[in-house]
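*Asks:* The sequence and its predicted three-dimensional model are supplied below.
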Amino acid sequence: MAPPISLEKVRNIGISAHIDSGKTTLTERILFYTGKIHAIHEVHGKDGVGAKMDSMELEREKGITIQSAATYCEWGDYNINIIDTPGHVDFTIEVERALRVLDGAILVLCSVSGVQSQSITVDRQMKRYKVPRIAFVNKMDRAGANYKRVALQLKEKLGHHAVMIQIPIGNEDRFQGIVDPITGKAFYFDGESGEVVREAPIPADLIDEAKQLRHDIIEQVANVDDHLAELFIADKPVSNEELKAAIRRATIALKMTPVMCGSAYKNKGVQLLLDGVTSYLPNPAEVHNEAHDQKKDEEKVELTSDTTKPFVGLAFKLEDGRYGQLTYMRLYQGHIAKGDVIYNCSNGKKVKIPRIVRMHSNEMHDVTEGNAGDIVALFGVECASGDTFTDGAVQYTMTSMHVPDAVISLAVAPKERAGQANFSKALNRFTKEDPTFRVHRDEESAQTIISGMGELHLDIYIERMKREYQCEVIAGKPQVAYRETITTRGEFAYTHKKQTGGSGQFARVCGFLEPLPADAVMHYEFVDEVTGGSIPREYIPACDKGFQEAIKKGSLIGFPVVGVRAVINDGAFHAVDSSEMAFKTAAIMAFREGYAAAKATILEPVMKVEVQAPEDFQGSVVGQLNQRRGTILETSNAEHYVTAVAEVPLNNMFGYSTDLRSATQGKGEFTMEFARYSPVPKAEQEEMMKAYREKLAAEKR
């Protein structure tokens, strides 16, 4: 068996970007140049093969990445684990969980579109997990490509200290190669698939620009790196090694972002990007990872990529493979081998590892062990996404990942009764795999409700039920996740009395409801201001429980109530007839009383929508958004394309993709992500409340 590779030579990286920036094409080229695949297939390939990393049939048909795919490759004597993540906002959890376990990332940007809405979301996720990154400006061969403009947008829109470390030779259809001003060389990519990297002197017309850029790079990096600053201030010459080391230090410390360029589709610049990954992104030992010690009241513990220390790993993604559940795991500390027993810290169960594999998209390569810093997949290890495993010597848990709230729901049922078993199996598997896909049963209507991040998200799962479980599904009209809230203070003073045979029930609860500040609009708060023992201490939690029960369903349209602070300041009890149950019931009724006085209103999810279309269609794009109660935030024009950013209520976005296509001759595209909750207009509110009252009346008949 080959000796384990040293940690300095390992890179765990993700490739993230806005949809259609060329992430999967870039990964495909990386695999080709590192010898992992022997032929290039395109994402929308006419050969019917599709990209290696889009292994799901659906991904190949739609030409988008749905699940993050893992692979590994060797570049020189470096081992690179790569996760190609989706760009579509509906699959944001896939990006979230990939970034949670990666040490570095490549942020891919389109040279024409630049920083788009989803680039901003991905960047925010990278910042959340403190992931150092290299920005790769792709599609330099496209008409309207502008490397400098994109680097400037990185500063302006994302707040990066972006430093361009390359110069493109030519632009658009004349894009031929790349100048590296650090080493003072030019690179061209020859051969049928750009596999031969030819080093040459810098073209005469770019020599001065390259010298100037090298000086600028030193100056910009010196601003964030003390060692280089000393050399710069003393006006001493800076060697290539010193400059690269300074860029590496500043990148890992999140103080700068190196910006590189190329065209993955035209096979240019990918090998230099791989050099950049090995030169500037951290190895597992250089990344700060921490866990919480459950034995010491969640005290923080720093994990080190040391194979001799107790094993700690995080299960970050689950898949139902041909041989049962496949659990992707990032190993942070220690090592595991086939046959070892590991402990799941979330439920205390111990599991024996029957098989360890390294994933290459949907292919598996068996290995006998995994060491700190590796990303492997295990078979036969039952767990949930986000569970921490150890060897039992320590009881640590890694921090969980951020899971956004669902914004859209659908009522679903199998078409035929015979499909019921497969329907349940599919739902169980999907909820285990994807924390943003939620399933619950609506007791009133006896329907199964699925909730997710958007129309496409739920469509994909319905399609997967049909293909993978042979279960045709009937879906109802999408239901938006409305919320209710209050706009003013509402007093309550409710006495609950019930006299039956034996002991009765008595509880009195007084206080008020008030709205929470705007930044806490999605929360609920309980405040106990009872003095003088008017409500005994043991009944206070029962009041809280009663309020929590009451906010599950508001009285306007039956949706959960948010943004409420419930304050109790007085009450009364009876020595015999008072009980927890009585106070809980009193709190529920008191909440309703206060709610009726607090001028309740309905909130709806508002989406941030970004539309791109040719300039000729600007009028119809803006008109359509206005028709859907959209508020235009900004419009910008670049390279004969208009980009409109607007906030539109989710309820008005259904069917928008079809309307946009027909209004722009199929050339328009849009992305949307959840922005915030905001009040529904009065007239619409009245209609919704009327429909809810009619529904309740019909149910009573």
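*Replies:* Looks like it came in fine.
*Asks:* before we move on, which element is residue 178 in?
*Replies:* Following DSSP states H and E, the helix or strand that holds residue 178 is strand 177-180.
*Asks:* same question, residue 676
*Replies:* Following DSSP H and E, the helix or strand that holds residue 676 is strand 669-679.
*Asks:* Send me the next helix or strand after that strand as CSV with only the CA atoms.
*Replies:* As assigned by DSSP H and E, the chain's next helix or strand after strand 669-679 is helix 682-700. The C-alpha coordinates for helix 682-700 follow below in CSV (Å, rounded to 0.1, in the frame of the first residue of the first chain):
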residue,chain,number,x,y,z
LYS,A,682,-54.8,45.4,3.0
ALA,A,683,-57.1,44.3,0.2
GLU,A,684,-55.3,41.0,-0.4
GLN,A,685,-55.3,40.4,3.4
GLU,A,686,-59.1,40.8,3.5
GLU,A,687,-59.5,38.2,0.7
MET,A,688,-57.2,35.7,2.4
MET,A,689,-59.0,36.1,5.8
LYS,A,690,-62.4,35.7,4.1
ALA,A,691,-61.2,32.5,2.3
TYR,A,692,-59.9,31.1,5.6
ARG,A,693,-63.2,31.8,7.4
GLU,A,694,-65.1,30.1,4.6
LYS,A,695,-62.8,27.1,4.8
LEU,A,696,-63.3,26.8,8.6
ALA,A,697,-67.1,27.1,8.1
ALA,A,698,-67.1,24.4,5.5
GLU,A,699,-65.1,22.1,7.8
LYS,A,700,-67.6,22.5,10.6
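*Asks:* just checking, what packs against helix 682-700?
*Replies:* strand 600-614 (3 or more C-beta pairs under 8 Å, 6 or more residues apart in numbering; DSSP states H and E). Heads up, the C-betas are built off the backbone N, CA and C, glycines and all.
*Asks:* sorry, back to before: okay, now the sheet partners of the next helix or strand after the strand holding residue 178, with direction.
*Replies:* Later in the chain than strand 177-180, the nearest helix or strand by DSSP H and E is strand 185-190. With DSSP bridges as the test, strand 185-190 is paired with strand 177-180 (antiparallel), strand 196-200 (antiparallel).
*Asks:* now for the ones you listed, which one comes closest to residue 564?
*Replies:* Proximity to residue 564 (C-beta to C-beta) singles out strand 177-180 among the strands paired with strand 185-190, at 57.4 Å.
*Asks:* Can I get that closest one in CSV, CA atoms only?
*Replies:* Provided in CSV are the C-alpha atoms of strand 177-180 (Å, rounded to 0.1, in the frame of the first residue of the first chain):
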residue,chain,number,x,y,z
GLY,A,177,-3.1,32.8,-23.2
ILE,A,178,-2.1,34.3,-19.9
VAL,A,179,0.8,36.3,-18.5
ASP,A,180,2.1,35.6,-15.0
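*Asks:* on that earlier part again, dump the strands paired with strand 185-190 to a markdown table, plus mean neighbour count, mean pLDDT and distance to residue 627.
*Replies:* Listed next are those as a markdown table, based on neighbours: other C-beta atoms under 10 Å; pLDDT from 0 to 100; distance: least, C-beta to C-beta, whole Å:
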| stretch | mean neighbour count | mean pLDDT | distance to residue 627 |
| --- | --- | --- | --- |
| strand 177-180 | 22 | 94 | 46 |
| strand 196-200 | 12 | 92 | 52 |
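*Asks:* what would these look like in a markdown table with distance to residue 418?
*Replies:* A markdown table is the format used below for the strands paired with strand 185-190 (distance: least, C-beta to C-beta, whole Å):
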| stretch | distance to residue 418 |
| --- | --- |
| strand 177-180 | 59 |
| strand 196-200 | 58 |
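*Asks:* Could you say which one of those comes nearest to residue 580?
*Replies:* For the strands paired with strand 185-190, proximity to residue 580 was assessed by C-beta to C-beta; strand 177-180 is nearest, at 71.5 Å.
*Asks:* Show me the contact partners of that closest one.
*Replies:* Defining contact as C-beta atoms under 8 Å, 6 or more residues apart in numbering, one finds that strand 177-180 is touched by 165-170, 185-189, 202-203, 206, 210, 261-262, 268-269, 272.
*Asks:* Check those residues for burial and list the buried ones.
*Replies:* Buried members of the contacts of strand 177-180, scored by 16 or more other C-beta atoms under 10 Å, are 165-169, 186-187, 189, 202-203, 206, 210, 261-262, 268-269, 272.
*Asks:* can you tell me which of the residues you listed are in helices?
*Replies:* 210, 272 (DSSP state H).
*Asks:* And residue 173, how far from residue 144?
*Replies:* 11 Å (C-beta to C-beta, to the nearest Å).
*Asks:* Give me the more crowded residue out of those two.
*Replies:* Taking other C-beta atoms under 10 Å, residue 173 and residue 144 do not tie; residue 144 has more neighbours (16 against 10).
*Asks:* Do I have it right that the more buried one meets residue 172?
*Replies:* Yes - judged on C-beta atoms under 8 Å, residue 144 makes contact with residue 172 at a distance of 7.3 Å.
*Asks:* I'd like to know which elements the strand holding residue 676 is packed against.
*Replies:* Counting contacts by 3+ C-beta pairs under 8 Å, 6+ apart, strand 669-679 is packed against helix 117-128, strand 600-614, strand 641-649, helix 656-663.
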